[in-house]
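Student: Got a predicted structure plus its sequence, pasted below:
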Amino acid sequence: MAFFRRLILMIQFLTRIPIKYESDITTEDFGKALALVPIVGLIIGGIMGVTYMLLVKVFFYKISAVLVLIEYIFLTGGIHLDGLGDTFDGVFSNRPKERILEIMRDSRVGTNAVLAVISVIILNYVILTEIDPAYMVKVIILFPVAGRLGSIVSASLSTYARRGEGMGKSFIDYCTLKELAIGIILYAVIFLSVGLSRGYIIMIFPILTAVILIKYFTRKIGGATGDILGAVCELNQTFYLMTVYAVLYFRG
């Protein structure tokens, strides 16, 4: 079935989870499969949540939090963090559009990339350690789900910024509003099923932040790339944690 083929495709492409499965894949499958990434996020988050529950039996919760964030990087291969770094190197270089796109493809790592990646990781860690431990497992499970929603929003609300082909083109060209609708439904079902306190409120903000982020980036370069999809994913996760902290804090 197309559903399972595309789900496995996303697991293989976006994680290091070893799944040996081969099938005929088209460029269209990449864009259509993007609707299923909330499920991929749930798989990643589920692994992280179980790991955290085991770690806190041995370590202090702050140590457990940093180890879980390291596990996240390992599970994803840092693919989205790489996109974050490339995006910040290009977009904040204050160069014309074509030069920005060239910088984003440059394999060398610039100052903006290093600052962006380090800042996001530190922010994620600090916010996690400030969240009430009673909510931590549910917050961790939903962390990658909120992030991957950002990729769907970004792909469906933008056009491909580069001339010619690129890995991001397959995602952006074939991820339509239909995929966005499917993705949001899956995202909402997962979010509400996990049962995080005030989850129905928290759930709305990652959608809004993703829209704001992709509108900002597309204004800079006239579209999106695969790197930008990764950047929005990572930034969305951090904004999600900020939202969780704010909502739970003001809840008292």
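Tutor: Received the coordinates, thanks.

Student: Quick check: Gly230 touching Gly78?
Tutor: No - when contacts are counted by Cβ atoms under 8 Å, Gly230 is not listed as touching Gly78 (9.6 Å). To be clear about C-beta, it is placed using only N, CA and C from the backbone, and glycine gets the same treatment.

Student: Flag every buried residue along the longest helix belonging to the chain.
Tutor: Ranked by residue count and defined by DSSP state H, the top helix of the chain is helix 226-251. By 16 or more other Cβ atoms under 10 Å, the buried positions in helix 226-251 come out as 226-241, 243-245, 247-248.

Student: which helices and strands does that helix pack with?
Tutor: helix 79-91, helix 111-130, helix 136-156, helix 167-174, helix 199-202, helix 204-221 (3 or more Cβ pairs under 8 Å, 6 or more residues apart in numbering; DSSP states H and E).

Student: to the chain's geometric centre, what's the distance from that helix?
Tutor: Centroid separation between helix 226-251 and its chain, computed with Cα atoms, centre = their mean, to the nearest Å, is 9 Å.

Student: Now do it against helix 111-130: the angle between them, please.
Tutor: Interaxial angle of helix 226-251 relative to helix 111-130 (axes from the mean of the first three to the mean of the last three Cα atoms, to 10 degrees): 30 degrees.

Student: the inter-axis angle of helix 226-251 versus helix 204-221?
Tutor: Using the same axes, to 10 degrees: helix 226-251 against helix 204-221 is 140 degrees.

Student: what's the angle between helix 226-251 and helix 136-156?
Tutor: 140 degrees.

Student: average pLDDT across helix 226-251?
Tutor: For helix 226-251, mean pLDDT rounds to 93.

Student: so it versus helix 167-174, what angle?
Tutor: Using the same axes, to 10 degrees: helix 226-251 against helix 167-174 is 70 degrees.

Student: Show me what whichever strand or helix holds Arg99 is packed up against.
Tutor: In this structure, Arg99 sits in helix 97-105 according to DSSP states H and E. If you count contacts as 3+ Cβ pairs under 8 Å, 6+ apart, helix 97-105 packs onto helix 79-91, helix 204-221.

Student: The longest one: which residues count as buried?
Tutor: It refers to helix 204-221. Phe205, Pro206, Ile207, Thr209, Ala210, Leu213, Ile214, Phe217, Thr218, Ile221.

Student: I am finished for the moment; much appreciated.
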